[in-house]
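K.L.:
Pasting a predicted model and its sequence here:
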Amino acid sequence: MSDCFMNTYRRLPATFTRGEGAFLFDGNGKRFLDFTSGIAVNCLGHAYPALVKAISDQSARFNHVSNYFQSDVTERFAQKLVEACSGADMKKVFLGNSGAEANEAAFKIARKYSLKKHGPGRHAIVTLKGSFHGRTITALSATGQDKFHKDFGPFTEGFKYAPPGDIPALDRALDSTVAGLLLEAVQGEAGVRPLDGAYVEAAAKLCAERDILLMFDEIQCGVGRTGSFLACEGFGVKPDVVTLAKGLAGGAPVGAALAGEKAADTLGIGDHGSTFGGNPLAAAAGLVVLEIVNDPAFLKEIARKGEKLRGIIRSWNKPNVKEVRGKGLMVGVDIEEDAWGVLEKALEKGVLSLSAGAKTLRFLPPYIIRDEEIESGLRILEEIL
Ligand SMILES: Cc1ncc(COP(=O)(O)O)c(C=O)c1O
């Protein structure tokens, strides 16, 4: 491993040189079954032929044009993305490059919407304890976990955290200073914890009554990962803003903030921007992801494979497996031992997995994973546990 990187990631000792389907390979040809998808990014696996072709064809045309002009491929991608989010009544999109950037756009939308409609002093954003919204100073301010805040203050003013599942506490938090509420339908970094349906319904009702923007951070759980294109569709509520990134372009960097009727026209000319936002390479890749993933039969398969994965783990009856949670191909497993130790042993045996906290394993396999690959990867993890 090179020592020229800043030491920001605790890394496992594997250097990959190529990938195919649900597998990555190192320079010695050793094969690793990928239960991580690059943290929910490579949703179509590695070297997916249509994705490879779309990116290389687009690169042969042009890699980038400024947002002061239009690119045919980015226009098509934006249109298809808004259509894919029609289940949540999204109307317009702002394209960026990452999840944190998508959330920054969401905060600006909520603040400006509130300022224009209700005047100053109503700019706070409520998020949940345990949430994760990104690493920029403002996205960190939104993140409801102290461990990420250490050493980096002062933070952006105006963020408050409510405990998930506690409706009276949310009622108190959504006071006259609040412009927006940002929720993860399934909290990923907190250990894969789906929000309770009654809680989300109550949140939507409170937001509607108080004209507070209801926003979903679907950066980890969106783009089909839970078995519906947006995870919030499962709650039957209509958000005002949805943010996406990670899997949206199958591995190319992209981020998106979408808005429904209320806030679709809040941002005007000069209010926001991003040099790379809507980059044609990412847009070409995103079009492939949308075409493949936003298909009811494909989404159904994601849900089925997720059920299968959780079902197998539950059937182990292992005393050191405490709880299995998740939705679709987003799975959290609480264990009694150090999760990092399990990741190290799994790597040795050719399986890549993630943790979410000291004692939670997290699996985010690519959607194209086969049943026999799920079974073989889990056999190895079962032995380790
Ligand atoms: C729910 C959620 N929001 C935001 C982010 C930040 O995304 P990015 O790392 O692309 O900035 C992440 C990344 O893990 C995430 O899981």
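P.N.:
Yep, that arrived.

K.L.:
got a list of what Lys80 touches?
P.N.:
Contacts for Lys80 (Cβ atoms under 8 Å, 6 or more residues apart in numbering) come out as Gly286, Leu287, Leu290, Glu291, Asn294. Every C-beta, even on glycine, is put in place using the N, C-alpha and C of the backbone.

K.L.:
Run the chain-centre distance for the one helix or strand it maps to.
P.N.:
Using DSSP states H and E, Lys80 falls within helix 72-84. Relative to its chain's centre, helix 72-84 lies at 19 Å (Cα atoms, centre = their mean, to the nearest Å).

K.L.:
Let's test this: mean pLDDT of it, rounded?
P.N.:
Computed over helix 72-84, the mean pLDDT rounds to 98.

K.L.:
Name the residues of stretch 303-315 that are buried.
P.N.:
Within stretch 303-315, the residues that count as buried by 16 or more other Cβ atoms under 10 Å are Ala303, Lys305, Gly306, Leu309, Arg310, Ile312, Ile313.

K.L.:
I misspoke; the intended subject was stretch 255-263.
P.N.:
Gly255, Ala256, Ala257, Leu258, Ala259, Gly260, Lys262, Ala263.

K.L.:
Now for the residues you listed: which two are most distant?
P.N.:
For the buried residues of stretch 255-263, the farthest-apart pair by Cβ to Cβ is Gly255 and Lys262; their separation is 21.2 Å.

K.L.:
Nearest to the ligand among the buried residues of stretch 303-315?
P.N.:
Among those, Gly306 lies closest to the ligand (Cβ to the nearest ligand atom), at 17.4 Å.

K.L.:
Can you show me the helices along the stretch 1-150 of the chain?
P.N.:
Per DSSP state H, counting those that start in this stretch, the stretch 1-150 of the chain carries helices over the ranges 37-40, 49-61, 72-84, 99-118, 137-142.

K.L.:
re earlier: would you mind writing the CA trace of the helix holding Lys80 as PDB?
P.N.:
Output of helix 72-84 as PDB, limited to C-alpha atoms (Å, rounded to 0.1, in the frame of the first residue of the first chain):
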ATOM      1  CA  ASP A  72     -27.800  15.900 -25.400                       C
ATOM      2  CA  VAL A  73     -26.900  13.000 -23.100                       C
ATOM      3  CA  THR A  74     -27.300  15.100 -19.900                       C
ATOM      4  CA  GLU A  75     -30.700  16.400 -21.100                       C
ATOM      5  CA  ARG A  76     -31.800  12.800 -21.600                       C
ATOM      6  CA  PHE A  77     -30.500  11.600 -18.200                       C
ATOM      7  CA  ALA A  78     -32.100  14.500 -16.300                       C
ATOM      8  CA  GLN A  79     -35.500  13.700 -18.000                       C
ATOM      9  CA  LYS A  80     -35.300  10.000 -17.300                       C
ATOM     10  CA  LEU A  81     -34.200  10.600 -13.700                       C
ATOM     11  CA  VAL A  82     -37.100  12.900 -13.000                       C
ATOM     12  CA  GLU A  83     -39.400  10.200 -14.600                       C
ATOM     13  CA  ALA A  84     -37.800   7.500 -12.500                       C
END
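
K.L.:
Tell me what angle that helix forms with helix 49-61.
P.N.:
Here the directions of helix 72-84 and helix 49-61 differ by 140 degrees (axes from the mean of the first three to the mean of the last three Cα atoms, to 10 degrees).

K.L.:
Of the helices of the stretch 1-150 of the chain, which is nearest Gly377?
P.N.:
Evaluated over those, closeness to Gly377 peaks at helix 37-40, with 12.8 Å, by Cβ to Cβ.

K.L.:
May I have the secondary structure class of the residue nearest to Thr138 when sequence neighbours are not counted?
P.N.:
Spatial nearest neighbour of Thr138, chain neighbours left out: Thr156 (4.3 Å); criterion: Cβ to Cβ, 6 or more residues apart in numbering. When classified by DSSP: H, G, I helix; E, B strand; the rest coil, Thr156 comes out as coil.

K.L.:
From Glu20, how far off is the closest residue to the ligand within the chain?
P.N.:
Taking Cβ to the nearest ligand atom, the ligand has its nearest neighbour within the chain at Gly99, 2.2 Å off. Remark: distance between Gly99 and Glu20 (Cβ to Cβ, to the nearest Å) = 27 Å.

K.L.:
These two - which one has more neighbours?
P.N.:
Set side by side, Gly99 and Glu20 show more neighbours around Gly99, with 27 against 12, by other Cβ atoms under 10 Å.

K.L.:
residue contacts, the more buried one?
P.N.:
Counting by Cβ under 8 Å, 6+ apart, Gly99 has contacts His133, Gly134, Ala139, Asp217, Ile219, Gln220, Thr243, Ala245, Lys246, Gly255.

K.L.:
let's see it at 10 Å
P.N.:
Residues near Gly99 by Cβ atoms under 10 Å, 6 or more residues apart in numbering: 40, 132-136, 139, 217-220, 243-246, 248, 254-256.

K.L.:
What about the residues you listed, which are in strands?
P.N.:
If you go by DSSP state E, the contacts of Gly99 have Asp217, Thr243, Leu244, Gly255, Ala256 in strands.

K.L.:
Can I get the residues you listed in TSV including pLDDT?
P.N.:
Converted to TSV, the ones in strands among the contacts of Gly99 look like this (pLDDT from 0 to 100):
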residue	pLDDT
Asp217	98
Thr243	99
Leu244	99
Gly255	98
Ala256	98
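
K.L.:
close enough to count as contact, Gly197 and Lys327?
P.N.:
No. Using Cβ atoms under 10 Å, Gly197 makes no contact with Lys327, being 11.5 Å away.
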